[in-house]
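# Okay, here's the prediction I keep looking at, along with the sequence it came from:
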Amino acid sequence: MLNEFKAFIMKGNVLDLAVGIIIGAAFTAIVTSLVDDLIQPLIGMIIGGIDFSSWGFSIGDAKFNVGNFITAVIKFLVIAWVVFLLVKAANAAMPKKAEAPAAPAGPSDNDLLKEILATLKAK
């Protein structure tokens, strides 16, 4: 079982996934700073200096932090946009695969039927 586990871990896909998770975690810190330190103040300036983090309401003892949710949505959209741009750039940078040559065209259905008819007439 230990050898199977070692073979599983050494597969390229598992290593690629691990690298992706580590880079993604580091990337999250960058996006968090981008949103918190640049985008949120810019949006706050545009809409009159409103700080999203203070938006919320309470019902009884429950506090609903709407501003934190808005911030999380903005972070998600920024991350999704950057990932989209990275994938688009990576796809553009990859060499195009040469298309396999088309298989030679065989006889059409009509040709086959004519051949069968000719064979039947010959018998």
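Done, it's in. Numbering: from 1, shown residues only.
# Quick check: longest helix in this protein by residues?
Taking DSSP state H as the assignment, the helix of the chain that covers the most residues is helix 66-93.
# helices or strands next to that one in the packing?
Contacts defined by 3 or more Cβ pairs under 8 Å, 6 or more residues apart in numbering; DSSP states H and E place helix 66-93 against helix 12-34, helix 40-46. (C-beta placed from N, C-alpha, C; glycine too.)
# any idea which of those is most buried?
Burial among the helices and strands packed on helix 66-93, expressed as mean neighbours by mean count of other Cβ atoms under 10 Å, is greatest for helix 40-46, which shows a mean of 13.
# for it, packing partners?
Helices and strands in packing contact with helix 40-46 are listed as helix 66-93; criterion 3+ Cβ pairs under 8 Å, 6+ apart.
# now the helix it packs on, how far from the chain's geometric center?
10 Å (Cα atoms, centre = their mean, to the nearest Å).
# Could I get the average pLDDT for that helix?
If you average the pLDDT over helix 66-93, you get 83.
# And that helix, what's buried?
67, 71, 74-75, 78-79 (16 or more other Cβ atoms under 10 Å).
# What separation do you get for residue 110 and residue 21?
Between residue 110 and residue 21 the distance is 58 Å, computed by Cβ to Cβ, to the nearest Å.
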